[in-house]
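Asker: return a 3D structure for these sequence lines:
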Amino acid sequence: MMNAPIRPSLWQNFILCLTKKYADFSGKSSRREFWGFNLVLFLGALFFSFAGTILTLASLPWKELLATDNQEVFHAIAQEHFMYFIITMQVVFLAIYLPFWSVIIRRLRDAGFHTAWGYGYMALGIAGLIKWMVFDRFRYSMDGSMDTTTLFLAVVGNVWFLLIVILACFPSRPEPEKLPEQ
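Answerer: Coordinates of the predicted model:
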């Protein structure tokens with residue numbers, strides 16, 4: 001029986017991307033490493049979003065909220081509690097930002113695509129962040145409405161991300177053979 005190399009589990013790939021390859025944009029990333037990282041990241045985000053929402057709802061002063069008839073007061077009280085959750089999620093997102101991008105760039109390189117696809121998507125995200133910080137002055141819309149620029153960035157960003165996911169599905173391309181020097 002041959003000694004086949006042991007492939008890391010999806011969890012091990014996630015931990016590897018968060019530790020040894022935290023901000024490693026060089027090299028390549030297999031499909032298993034890419035999807036393992038993103039699956040665990042997605043499931044973790046889903047769990048913590050659900051748990052954070054439950055904890056935030058449990059911490060709301062319900063007697064005070066139900067006693068008010070003024071919708072603005074209701075929103076002000078609720079927003080204060082939800083902002084702690086939003087800020088916590090943003091801090092976690094900043095910690096995950098570099099490994100997320102590095103695994104995308106390595107995966108695109110492994111599949112034989114130019115890394116500009118990943119860097120372009122990263123630039124689009126940074127443009128949205130700058131727009132929010134400078135023009136929106138860190139405000140969130142409580143009614144869910146978006147201005148035209150934000151809507152445009154959201155649509156283009158989602159389409160671009162879908163393209164990156166499709167490109168990440170392609171198999172690894174072998175290195176071109178180097179011809180011996182004459």
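
Asker: ok, G118 - contacts?
Answerer: With contacts defined as CB atoms under 8 Å, 6 or more residues apart in numbering, the neighbours of G118 are 101, 104-105, 108, 164. For every residue, glycine as well, the C-beta is placed using N, CA and C.

Asker: mind redoing it with 6 Å?
Answerer: Under the criterion of CB atoms under 6 Å, 6 or more residues apart in numbering, the contact partners of G118 comprise 104-105, 108.

Asker: most neighbours among those residues, which one?
Answerer: When neighbours are taken as other CB atoms under 10 Å, the top entry among those is I104 (26 neighbours).

Asker: follow-up on the earlier one: in helices, which of the contacts of G118 fall?
Answerer: Taking DSSP state H, the ones among the contacts of G118 that sit in helices are 104-105, 108.

Asker: in JSON lines, list these along with pLDDT.
Answerer: Rendered in JSON lines, the data for these read as follows (pLDDT from 0 to 100):
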{"residue": "I104", "pLDDT": "92"}
{"residue": "I105", "pLDDT": "93"}
{"residue": "L108", "pLDDT": "92"}
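
Asker: got the CA coordinates for the helix or strand bottoming out on mean pLDDT in the chain in PDB?
Answerer: Each helix and strand of the chain was given a mean pLDDT (mean pLDDT, DSSP states H and E); the minimum falls on helix 62-67 at a mean of 82. Once side chains and other backbone atoms are set aside, the C-alpha atoms of helix 62-67 remain, and they are given as PDB (Å, rounded to 0.1, in the frame of the first residue of the first chain):
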ATOM      1  CA  TRP A  62     -38.200  45.700  26.400                       C
ATOM      2  CA  LYS A  63     -40.300  47.500  29.000                       C
ATOM      3  CA  GLU A  64     -38.900  50.800  27.900                       C
ATOM      4  CA  LEU A  65     -39.300  50.000  24.300                       C
ATOM      5  CA  LEU A  66     -42.900  48.700  24.500                       C
ATOM      6  CA  ALA A  67     -43.900  51.700  26.700                       C
END
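
Asker: what are the buried residues along that helix?
Answerer: Residues of helix 62-67 classed as buried: none (neighbour count, 16 or more other CB atoms under 10 Å).

Asker: what does that helix contact?
Answerer: For helix 62-67, the external contacting residues (CB under 6 Å, 6+ apart) are 74, 77.

Asker: report the contact partners of G27.
Answerer: G27 makes contact with R106, according to CB under 6 Å, 6+ apart.

Asker: which SS class is it?
Answerer: The local conformation at G27, judged by DSSP: H, G, I helix; E, B strand; the rest coil, is coil.

Asker: again, but for K21
Answerer: Going by three-state DSSP, the state assigned to K21 is coil.
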